[in-house]
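Chemist: Following is a predicted model, sequence given first.
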Amino acid sequence: MKKLLITFFATCLPLALYAYDFIYDGIMYSIVSESDQTVEVASRKESLGMVVSNPYRGRVFIPSSVYNDGKQYTVVGIGKRAFINCINVSSVSLPLTIRYIKDEAFALCTQMNSITIPFFVTDIGVKIFYLSSISEIVSTNQYPPVASEESFVFGVSNNHVLFVPKGSVFDYQNANGWNRIGNILEINNNNYSINGHDYVDFGLPSGRLWAVTNFGANSQEEYGEYINWENKKIVSDTWGNDWTIPSRHDINELLEYCNFTLTYQNGVLGYQIGRHGTFIFLPAAGLIRDGNYSDQGECLYYWTKDKGKENGYAYFLYGDKVGLDNNSTSNYSIDLMPIRPVVFNATYDEDDEEEPIVSHDYVDLGLPSGNLWAKTNVGAENEFDYGYFYAFGETRSKDYYHLENYKWYDQVLNQYTKYSSEYSFALPWLLNEDDVATKKWGDMWHTPSHSDYHELLEQCTSKWEEKNGTWGRSFIGANGNTIFFPASGYTYSYNQYVNELGYYLTSNTEVNQDCILFRFSATEISDYWLNVKYQGYSVRPVIRPWETSIDGKYDKKKGTDQIYNIQGVRKTVLSKGLNIIKMKNGQIRKIIKK
């Protein structure tokens, strides 16, 4: 996760003037019309008109409506400089209700690669992507929105590509402003087929290939057949054994790696999902319930192959104007839904995602326990990077963090499981199988316990400071060695909340809904902070050498196979410090040579 900085803009001034009227779910909004109850996403400005780094991070989801003081407002626009200098935002999903995008709305967004302009946008401001890294633009309207000569002044020499609906290339090539984009292509101009059925390849880690149409449909916009879940084998029986119904993991992977937006295609409402210029369209086909059509043209219902926890229920993908959700179940004895097939051409095990076992640096702080602390968070490229976020007991990062998709919450029984006193075999600490540090980095790494963080506070001095443009806390050991924890905040729903606080998971849980966190700010530190398990937090792994051999003697003739140092370099003899011994029987030993 790269962090790029634009050094010629101010990032901190003592007095700030905010151009917004209220904040909803972490996003700033200005009221456009009280009578119409409309708002636009607002900008954040400094007192002298200078621009600060916006607080948004990761994937940002803008809803179609928001609430303030008991009123519901429709989000109709992206205000001037609303996302300017969002150097840590990777994507922004815009709702179908957006009508305009004002000047420099996404200027200096140096982590965003692509964006989709919603169907009803009619006006485009100037320099909306100025000095940004956006190189791929998707316009879902057949007719080019009104733009000026300076709308698409990029200020950089990237090879920009505009994807437009079929038959619209000529109109965009001759439209004012749009004609400055040199490469204009039709959406889905390259499809392939298996057994006579077209698919697209998004380049997903699993290798899944997604069908262009629903089962039983002849075009992307047709709803196709409505299927009883128990009859799901009809896909492979009809399309051939290469085709099958997608699993929940397939849906989650699709939503994690692709951009998605609600739009109209040839007059049909649905979600356009894609990446790298390749797209599929999921029409809002509704469902058939008790023999009656329901929600056609309004909502998406698509079966997955996964059976629900309650007998007679199965999981499905649901979508409406608010977003997409993959955590609902339906009674398949009364409901019929469409199916969007996939080609099951590669195997994937989400438990098989571990990174190389000896590829991460540690710092020895001279602690009594001998603990060795990682220099970076899980998923981070350097010590200043926030890395990825994880809920307690989950080993995969997500776009959406909520109770409704938390792994250890039973939606049917409405109770927490496994790590909860409500459950019969409750556990007060993480097992290795649910420890993201162990799963991602290898079995010598662990999520720190509450006691590990307590020792860190007792044995080290600490100071709040800014390093490489990132605020956080440094911890200095008695031996003079230092580690830095960035103040990464936490994630809830689709959004990340960065408010000059650090929240780090420990391996300990408390009461039913809470886990124990390590929390710090500029003025205080706590190694025992309780918060809900299902939100996303940073993870800083630790090695506990005392769990295995320390200064142990070994005889290579008696079974030792290979010796590595912590950087993963093969050695013939033990090096000073931590050594990883890979035994012939497959076991791993850790030996510290002092």
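Modeler: Perfect, I can see it now.
Chemist: Tell me if I am right that residue 40 is in a strand.
Modeler: Yes - with DSSP: H, G, I helix; E, B strand; the rest coil as the criterion, residue 40 is part of a strand.
Chemist: Just give the closest residue to it, not the sequence neighbours.
Modeler: Counting by Cβ to Cβ, 6 or more residues apart in numbering, residue 40 lies nearest to residue 77, which is 3.7 Å off, once chain neighbours are set aside. Glycine gets a C-beta too; all of them are placed from N, C-alpha and C.
Chemist: What is the distance between the strand or helix carrying the one you found and the centre of its chain?
Modeler: Using DSSP states H and E, residue 77 sits in strand 71-78. Relative to the mean C-alpha coordinate of its chain, strand 71-78 is positioned 24 Å out (Cα atoms, centre = their mean, to the nearest Å).
Chemist: tell me what it is packed against?
Modeler: Secondary-structure packing of strand 71-78 (3 or more Cβ pairs under 8 Å, 6 or more residues apart in numbering; DSSP states H and E): strand 27-33, strand 38-41, strand 65-68, strand 100-101.
Chemist: tell me which residues form a beta bridge with the residue nearest to residue 40?
Modeler: Bridge pairing for residue 77 (DSSP bridges) gives the partners residue 40, residue 100.
Chemist: picking that back up, okay, angle between the strand holding residue 77 and strand 27-33 too, please.
Modeler: For strand 71-78 against strand 27-33, the angle between stretch directions is 100 degrees (axes from the mean of the first three to the mean of the last three Cα atoms, to 10 degrees).
Chemist: For strand 71-78, output the C-alpha coordinates as PDB.
Modeler: Below are the C-alpha coordinates for strand 71-78, written out as PDB (Å, rounded to 0.1, in the frame of the first residue of the first chain):
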ATOM      1  CA  LYS A  71     -33.800  15.000   7.800                       C
ATOM      2  CA  GLN A  72     -33.000  12.900   4.800                       C
ATOM      3  CA  TYR A  73     -31.000  14.500   2.000                       C
ATOM      4  CA  THR A  74     -30.200  13.300  -1.500                       C
ATOM      5  CA  VAL A  75     -26.600  13.500  -2.600                       C
ATOM      6  CA  VAL A  76     -26.600  15.200  -6.000                       C
ATOM      7  CA  GLY A  77     -23.100  16.500  -6.500                       C
ATOM      8  CA  ILE A  78     -19.400  16.300  -5.800                       C
END
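Chemist: I'd assumed residue 79 was in contact with residue 42.
Modeler: Yes - under the criterion of Cβ atoms under 8 Å, residue 42 makes contact with residue 79 at 5.0 Å.
Chemist: joint contacts of those two?
Modeler: Between them, residue 42 and residue 79 share these contacting residues under Cβ atoms under 8 Å, 6 or more residues apart in numbering: 19, 30.
Chemist: Okay, buried residues for stretch 121-141 please.
Modeler: Neighbour-count burial for stretch 121-141, counted by 16 or more other Cβ atoms under 10 Å, picks out 121, 124-141.
Chemist: my bad, stretch 59-67
Modeler: 59-66.
Chemist: How far does it stretch from one end to the other?
Modeler: 21 Å (Cα to Cα, to the nearest Å).
Chemist: average pLDDT across that stretch?
Modeler: For stretch 59-67, mean pLDDT rounds to 88.
Chemist: Residues contacting it, please?
Modeler: 24-25, 27, 29, 39, 41, 72-75, 78, 83, 86, 89-98, 321-323, 399, 493-495.
Chemist: In contact with residue 298, which residues?
Modeler: So residue 298 contacts 269, 284, 286, 320 (Cβ under 8 Å, 6+ apart).
Chemist: nearest to residue 430, of those?
Modeler: residue 320 (35.4 Å; Cβ to Cβ).
Chemist: tally of neighbours for the closest one?
Modeler: Residue 320 has 16 neighbours, counted by other Cβ atoms under 10 Å.
Chemist: Which residues are in contact with it?
Modeler: Residue 320 neighbours (Cβ under 8 Å, 6+ apart): 298-300.
Chemist: Let me have those residues in TSV, adding distance to residue 409 as columns.
Modeler: TSV is the format used below for these (distance: Cβ to Cβ, whole Å):
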residue	distance to residue 409
298	28
299	24
300	24
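Chemist: Include pLDDT, distance to residue 258 and secondary structure when you put those into TSV, please.
Modeler: Shown next, in TSV, are these (pLDDT from 0 to 100; distance: Cβ to Cβ, whole Å; DSSP: H, G, I helix; E, B strand; the rest coil):
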residue	pLDDT	distance to residue 258	secondary structure
298	93	22	coil
299	94	20	coil
300	95	15	strand
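Chemist: hang on, the earlier thing: need the pLDDT of the residue nearest to residue 40.
Modeler: Looking at residue 77, its pLDDT is 95.
Chemist: right, and residue 308 touches residue 331 too?
Modeler: No - taking Cβ under 8 Å as the definition, residue 308 is not a contact partner of residue 331, at 9.0 Å.
Chemist: before we move on, back to that, okay, the buried residues of stretch 59-67 in TSV with distance to residue 562 next?
Modeler: Formatted as TSV, these follow (distance: Cβ to Cβ, whole Å):
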residue	distance to residue 562
59	40
60	45
61	46
62	51
63	53
64	56
65	59
66	57
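Chemist: among those, which two are most distant?
Modeler: Once Cβ to Cβ is applied, these give 59 and 65 as the farthest pair, at 19.6 Å.
Chemist: ok but residue 237 is inside a helix, no?
Modeler: Yes - assigned with three-state DSSP, residue 237 falls within a helix.
Chemist: Pull the number of nearby residues for the residue lying closest to residue 172 once chain neighbours are set aside.
Modeler: Leaving out its chain neighbours, the residue that sits closest to residue 172 by Cβ to Cβ, 6+ apart is residue 178, at 4.7 Å. Under the neighbour criterion other Cβ under 10 Å, residue 178 is assigned a count of 22.
Chemist: Got the confidence number for residue 178?
Modeler: 93.
Chemist: Please apply the same query to residue 2.
Modeler: For residue 2, the model assigns a pLDDT of 35.
Chemist: which residues sit in contact with the residue nearest to residue 172?
Modeler: With contact set as Cβ under 8 Å, 6+ apart, residue 178 has these partners: 144, 147, 151-152, 162, 172, 184.
Chemist: List only those of the contacts of stretch 59-67 flagged as buried.
Modeler: 24, 27, 29, 39, 41, 73-75, 78, 83, 86, 89-98, 323, 399, 493-495.
Chemist: and the residue nearest to residue 118 when sequence neighbours are not counted, how far is that from residue 444?
Modeler: Counting by Cβ to Cβ, 6+ apart, residue 98 is the residue found nearest to residue 118 once chain neighbours are left out, at 4.6 Å. To residue 444, residue 98 is 49 Å away according to Cβ to Cβ, to the nearest Å.
Chemist: Ok, residue 198 next?
Modeler: 47 Å.
Chemist: Looking at those two, which is more packed in?
Modeler: residue 444 (25 against 16).
Chemist: Just to check, the more buried one is in contact with residue 541?
Modeler: No - if you go by Cβ under 8 Å, residue 444 and residue 541 don't touch, sitting 9.2 Å apart.
Chemist: any low-confidence regions in the stretch 1-150 of the chain?
Modeler: Applying pLDDT under 70 to the stretch 1-150 of the chain flags the ranges 1-18, 44-54.
Chemist: change it to 80
Modeler: The model of the stretch 1-150 of the chain has pLDDT under 80 over residues 1-19, 44-55, 57-58.
Chemist: how does the protein divide into domains?
Modeler: 16-186, 192-343, 362-543, 548-593 (automatic domain parsing).
Chemist: pLDDT averaged over the last one, what's the number?
Modeler: Here the mean pLDDT over domain 548-593 is 60, rounded to a whole number.
Chemist: Residue 248: neighbour count?
Modeler: 15.
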